[in-house]
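> Sequence plus the predicted model coming up.
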2 protein chains.
Amino acid sequence: MISKNKTFIEKLRSSGLRPTRQRVEISKFLFNRKKTFHFSVDDLNKLLNSRKKKKISIATLYNTVHALKSAGHLKEFSLENNISYYDTNTTSHHHFYFNGKLTDIKNKEIHFKKIPTPPIGKKIKNVEVVIKLENIN
Amino acid sequence: MISKNKTFIEKLRSSGLRPTRQRVEISKFLFNRKKTFHFSVDDLNKLLNSRKKKKISIATLYNTVHALKSAGHLKEFSLENNISYYDTNTTSHHHFYFNGKLTDIKNKEIHFKKIPTPPIGKKIKNVEVVIKLENIN
DNA sequence: AGTTACTTTAGAATAATTATAAACTAATTA
DNA sequence: TAATTAGTTTATAATTATTCTAAAGTAACT
Ligand SMILES: [Mn+2]
Ligand SMILES: [Mn+2]
Ligand SMILES: [Zn+2]
Ligand SMILES: [Zn+2]
């Protein structure tokens, strides 16, 4: 646990961010997991602060999420509700979408047979696929 | 022009919407074009109301866009800025994305060689691709 | 023409996010 | 280790897209 914190302290330091109590705790919560995490600041607030004596202020949650994004540790995205969401997987990748939730699909899982040519003067930066799911019923 | 309006009056009526002056004008502006239109309510306000004596209120723009969406004539989507955007192409389709703007890609333009199996109990509803572009430079 | 139901509108309310600036703390320096 | 500094946290205010409210207006129906 202390050794885990060391990892995040390093991660923060090497991104030019002081490893404050709040940032370390947020980083541990976000990045110390097996699967990619997709969340809003409101999610983070509820999940992190609900059962806690010393809460991290909402302003700090916003500040830290922005700092982590600027440092390249989070990727921002939007769903259809005008709320910012963040993805702990910052690589270009694909998603299943069901019931307001995303699940990662590894890039190797999708191959293209045909893809359009970009307009002249432009080239492809990345290609991301969203597979919307529904219940079989 | 009068005949054009007739088209939209029919479109509105057959969707259970009274063809008011405002709705006809908005419909004509949105749907009387060759290419798919992607817009926010703010865009609509600026484009439609800027050089006009009798402006359509922002509340009506919201009301009408929502009514058209409910009637299936608009599809809502999000970019990365917490604003709702609308697409006059309501079919499932793909996009180029560059500089905050989307351009349609017809479904025939993209074919898949490999796509992942949905989780059990779920099936694929649709698949949408976003190709992010950048300048060749 | 009169009645009814729906629509438009200005303005208030809401909610996510950003800005402000004072108190606090990590890092650096003496 | 103490003092200095530069960066951080926080409560609170401001901003902004969107939704709500209810009064005035208009389309449709009788
Ligand atoms: Mn949530
Ligand atoms: Mn705009
Ligand atoms: Zn993801
Ligand atoms: Zn489109």
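Received the coordinates, thanks. Ligands and ions are numbered 1, 2, ... in the order given.
> For the residue of chain A positioned farthest from its centre, I want the exact helix or strand it lies within.
For chain A, the C-alpha farthest from the mean C-alpha position belongs to A:I120; by C-alpha atoms, centre = their mean, that distance is 32.5 Å. Counting by DSSP states H and E, no helix or strand carries A:I120.
> ok, now how distant is it from B:L133?
For A:I120, the distance to B:L133 equals 11 Å [C-beta to C-beta, to the nearest Å]. Placement of C-beta: from N, CA and C, glycine included.
> Check A:H38 too.
From A:H38 over to B:L133 (counting by C-beta to C-beta), the distance is 25 Å.
> again with A:S92
13 Å.
> Which residues are in contact with the most centrally placed residue in chain A?
By C-alpha atoms, centre = their mean, chain A has its centre lying nearest to A:D87, at 1.6 Å. By C-beta atoms under 8 Å, 6 or more residues apart in numbering or on different chains, A:D87 lies in contact with A:36-38, A:74-77, A:102.
> these two touch, right, A:G72 and A:T88?
No. Counting by C-beta atoms under 8 Å, A:G72 does not reach A:T88; the two are 11.6 Å apart.
> neighbour-wise, which of those two wins?
A:T88 (17 against 9; other C-beta atoms under 10 Å in any protein chain shown).
> thought that one was touching A:K34?
No. Counting by C-beta under 8 Å, A:T88 stays clear of A:K34, with 11.0 Å between them.
> start to end distance for stretch A:14-24?
Terminal residues of stretch A:14-24 are spaced 13 Å apart (C-alpha to C-alpha, to the nearest Å).
> Pull the distance from it to the chain's centre.
Averaging C-alpha positions (C-alpha atoms, centre = their mean, to the nearest Å) puts stretch A:14-24 17 Å from its chain's average.
> What of stretch A:120-137?
From the chain centre to the centre of stretch A:120-137 is a distance of 18 Å (C-alpha atoms, centre = their mean).
> does that stretch come close to chain B?
Yes. Against chain B, stretch A:120-137 shows contacts by C-beta under 8 Å from any C-beta of the partner chain at A:121-136.
> Give me the buried subset of those residues.
For those, a burial check counting by 16 or more other C-beta atoms under 10 Å in any protein chain shown picks out A:122, A:127-131, A:133.
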